[in-house]
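Asker: What would the 3D arrangement of this be:
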Amino acid sequence: MVYIDLNSDVGESFGNWTMGDDSAIFRSVSSANVACGFHAGDPSTIAQTCRDAVEAGVTIGAHVGYRDLAGFGRRFLDLSPTELADDVLYQIGALDAISRAAGGTIKYVKPHGALYNAIVTHEVQAQAVVDAVKAFGGDLPLLLLPGSVALDSAEKAGLRGVAEAFADRAYNPDGTLVSRREPGAVLHDENEVAANMVRLATEGVIIARDGSTLKTTAESICLHGDTTGAVSMSAAVRRDLEAAGIDIRSFV
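Answerer: Here you go, the predicted model:
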């Protein structure tokens, strides 16, 4: 691998409540998963995030989620396929308008939180997300977990499925993410995280929390903007990847 994408969840502040330092994160990442107002983000925050991304030359993606502001989109919602598809399409459309006003365009879609985790195995919701992206048009790529049913659904629908890895999250031996409810689910040692991501990019492996080795392929690495020390961690990951001869650039 000679290049890889670094993505981060951004635009998640709401009113007077601040989440992360998006403009600082943009110095390290190549893709921005911009909240669309359902799990986080208000119109002015989202617009400013898009303007900052355009100025920084960072690719904009729609970070769609369940309609769950109070739970930050991290609670499963048992929606009908039609309702979920409508919600996802609504979010893509809103971000499309805001990003265009900022001088950019949406280049991909990445589900957020509980929705992202649900469509690893939930075939009905996975298809609803894919249907929404197809309905929007433009055949936007979907950024997803390797081995997920959503990845298969996207490819069957003629969409590009892009596999990603998570820098700051612990993995179970089956390749899924350790639940945030469990201790150690979020990683904070930036040197360990950076070394893990260099190993991923150069060897195609991730070390699970039990010490087992997971073979995986990923075109993108996620660095959560709300993780403590996210700005420093993102810079460390980019620095060590570039030192290993890996270029950082968007997958689109």
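
Asker: Confirm Met197 sits in a helix?
Answerer: Yes - when DSSP: H, G, I helix; E, B strand; the rest coil is applied, Met197 is found to be in a helix.

Asker: Just list the residues touching it, thanks.
Answerer: 165, 167, 221, 237, 240-241 (CB atoms under 8 Å, 6 or more residues apart in numbering). In short, each C-beta sits where N, CA and C put it, glycine included.

Asker: for those, which one is nearest Phe72?
Answerer: Closest approach between the contacts of Met197 and Phe72, by CB to CB: Ala167, at 19.7 Å.

Asker: now the helices: where do they sit in the stretch 51-200 of the chain?
Answerer: 81-101, 113-118, 123-136, 149-156, 190-203 (DSSP state H, counting those that start in this stretch).

Asker: tell me the most buried of those helices?
Answerer: Mean neighbours per residue, mean count of other CB atoms under 10 Å, is largest over the helices of the stretch 51-200 of the chain for helix 113-118, with a mean of 22.

Asker: Mean confidence (pLDDT) on that helix, please.
Answerer: The average of the pLDDT scores along helix 113-118 is 96.

Asker: Check stretch 136-155 too.
Answerer: On average, stretch 136-155 scores 96.

Asker: Next: stretch 170-189.
Answerer: Averaging pLDDT along stretch 170-189 yields 93.

Asker: what does stretch 199-212 give?
Answerer: 94.

Asker: May I have it exported as PDB, CA atoms only?
Answerer: Written as PDB, here are the backbone C-alpha positions of stretch 199-212 (Å, rounded to 0.1, in the frame of the first residue of the first chain):
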ATOM      1  CA  ARG A 199       1.200  -2.200  10.800                       C
ATOM      2  CA  LEU A 200      -2.300  -2.100   9.100                       C
ATOM      3  CA  ALA A 201      -1.000  -0.100   6.200                       C
ATOM      4  CA  THR A 202       2.200  -2.000   5.600                       C
ATOM      5  CA  GLU A 203       1.200  -5.600   6.700                       C
ATOM      6  CA  GLY A 204      -2.600  -5.600   6.400                       C
ATOM      7  CA  VAL A 205      -3.100  -6.700  10.000                       C
ATOM      8  CA  ILE A 206      -4.800  -5.400  13.200                       C
ATOM      9  CA  ILE A 207      -4.100  -6.800  16.700                       C
ATOM     10  CA  ALA A 208      -7.400  -7.700  18.500                       C
ATOM     11  CA  ARG A 209      -7.800  -7.000  22.200                       C
ATOM     12  CA  ASP A 210      -7.000 -10.700  23.000                       C
ATOM     13  CA  GLY A 211      -3.700 -10.500  21.200                       C
ATOM     14  CA  SER A 212      -4.900 -12.400  18.100                       C
END
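
Asker: If anything else comes up later, I'll come back, but that's it for now.
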